[in-house]
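Visitor: generate a structure from the sequence data that follows.
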Amino acid sequence: MKVNYIRVISTLPVTLEKLYDGFSQMIESSKFLQASAFHIEHSSRIFNTIDFISRIDSRFDPLKTTATKYLHGHNLQTIHPLFSKLLKETTNKYKSYYKPFLSRLSYLDTYERKRIDESFHSLKEKCYWSSVLNSSVAIEHRLLKLLSKENESFLRSKKKNLDFTLGALVSLYTENKSSFNNCIPKLHDGLMKLVNDYRIISAHSKKRDITKSNTEAVFNLVIAFLIDPDCRR
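Guide: Numbering: from 1, shown residues only. From the prediction side, this is the model:
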């Protein structure tokens, strides 16, 4: 089943509590086969959700480590205490992180959230071309909004000769920074170009595969751009 990770992370403690309650009941009733099936069905969702969070806020990395230990606890006798530890750390130690985390996530508009969620889902399903394309569309959308906000008339004058793809927008901005009040931090110049290079490989036949590492790098770079306070729409 496809998961909307952005929607899930806003209620992560509640989600974990529901999973924990169901898992506990299965353990206590000794329905080990059902418990094992429950573990397989839900553990991936838990880990992927925490993985998503840690890409936006590195303070959640230790929680990701705990989740990894839980996922690898194939012995049913060890799964339960590890899950308890995961739940405790989530609801206590990391509780103070949720508000600032959700604040950063709020930088993304509805369209960007859909694209990032689709990108992350594709990444987890090993659909790397699809993941890169969705990531690049999210940054393309943000870039267009930023440039429109700074100088809409100049942008409109260029629209007659340009299709506003990511590559065209990146070139337009880098060649006319002063016209757009240098609205994007210089450190993102290389980031935008790199994301576009991988977009081209993904969208067009270049007889070159994109690896998991490539895809994760692009996804993380796009997230860094989207949650940068200086790149808010």
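
Visitor: helices and strands around the longest helix along the chain, which ones?
Guide: Ranked by residue count under DSSP state H, the longest helix found in the chain is helix 128-159. Where contact means 3 or more C-beta pairs under 8 Å, 6 or more residues apart in numbering; DSSP states H and E, helix 128-159 is packed against helix 110-124, helix 166-175, helix 189-203, helix 212-226. Where you see a C-beta, it was placed from the backbone N, CA and C, and this is true even at glycine.

Visitor: what comes up buried for the shortest one?
Guide: When burial is assessed from 16 or more other C-beta atoms under 10 Å, helix 166-175 yields the following buried residues: 166-170, 172-173.

Visitor: can you lay out the helices and strands packed on helix 128-159 as TSV showing distance to D57 and mean pLDDT?
Guide: Shown next, in TSV, are these (distance: least, C-beta to C-beta, whole Å; pLDDT from 0 to 100):
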stretch	distance to D57	mean pLDDT
helix 110-124	15	90
helix 166-175	26	92
helix 189-203	19	92
helix 212-226	10	92
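
Visitor: and of those helices, who's closest to F60?
Guide: helix 212-226 (13.2 Å; C-beta to C-beta).

Visitor: and the closest one, which residues are buried?
Guide: 214-215, 218-219, 221-223, 225-226.

Visitor: quick one, the longest helix of the chain and helix 212-226 angle?
Guide: Here helix 128-159 points in a direction 40 degrees away from that of helix 212-226 (axes from the mean of the first three to the mean of the last three C-alpha atoms, to 10 degrees).

Visitor: give me the helix or strand of the protein that scores worst on average pLDDT.
Guide: Across the helices and strands of the chain, mean pLDDT, DSSP states H and E gives its lowest value to helix 12-28, namely a mean of 52.

Visitor: quickly list the domain ranges of the protein.
Guide: 5-105, 110-231 (automatic domain parsing).

Visitor: thought T174 was touching L191?
Guide: No - proximity of T174 to L191 does not meet the contact threshold set by C-beta atoms under 8 Å, at 12.0 Å.

Visitor: what is the mean pLDDT for the strand or helix carrying L63?
Guide: Per DSSP states H and E, L63 falls inside helix 61-71. For helix 61-71, the mean pLDDT works out to 69.

Visitor: residues contacting L147?
Guide: 155, 169, 172-173, 180, 183 (C-beta atoms under 8 Å, 6 or more residues apart in numbering).

Visitor: repeat that for L169.
Guide: Counting by C-beta under 8 Å, 6+ apart, L169 touches 140, 143-144, 147.

Visitor: again, but for V195
Guide: 135-136, 139, 166, 218, 221-222, 225.

Visitor: what about the nearest residue to F164 once chain neighbours are set aside, how many residues nearby?
Guide: Nearest residue to F164 in three dimensions, chain neighbours excluded: L144, at 5.9 Å (C-beta to C-beta, 6 or more residues apart in numbering). A count of neighbours around L144, defined by other C-beta atoms under 10 Å, yields 16.

Visitor: give me the neighbour count for the closest residue to E112 other than its chain neighbours.
Guide: Excluding the flanking residues, the one nearest E112 by C-beta to C-beta, 6+ apart is A138, at 4.8 Å. A138 sits with 28 neighbouring residues when counted by other C-beta under 10 Å.

Visitor: likewise N182?
Guide: 11.

Visitor: so it, which state does it fall into?
Guide: Look at N182: counting by DSSP: H, G, I helix; E, B strand; the rest coil, its state is coil.
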